[in-house]
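1. this is the structure alone, sequence omitted:
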């Protein structure tokens, strides 16, 4: 009985870390926002974004998922 509880606990911990790793890896490959979306948001605000602003926003978004 003790081995079953211990095995379940180890499996839950390992599953948590594995899921977190794969989720972060997927977010780095396919970020939830891209450069086209940033340009569209700036245009909706009535501004034309510079390339530096777009790159700055993209790096800040990508740094959140590391």
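-> Looks like it arrived, so ask away. Here the structure is a predicted model, which is why all the values come from computation and not from measurement. Numbers count the residues shown, from 1 in each chain.
2. from now on I want contacts and neighbour counts done on CA atoms only, so please keep to that.
-> Noted.
3. where does this structure dip in pLDDT?
-> 66 (pLDDT under 70).
4. all helices of it, in order?
-> 2-29, 35-44, 51-63 (DSSP state H).
5. what's the neighbour count on residue 25?
-> Other residues lying near residue 25 total 14 when counted by other CA atoms under 10 Å.
6. and for residue 21?
-> There are 12 residues near residue 21, going by other CA under 10 Å.
7. do the one 5 residues further on as well
-> By the measure other CA under 10 Å, the count of residues near residue 26 is 12.
8. repeat for residue 31
-> With other CA under 10 Å as criterion, residue 31 counts 14.
9. my guess is it contacts residue 62. True?
-> Yes - assessed by CA atoms under 8 Å, residue 31 is found in contact with residue 62 at 7.4 Å.
10. who's in contact with residue 30?
-> By CA atoms under 8 Å, 6 or more residues apart in numbering, no residues touch residue 30.
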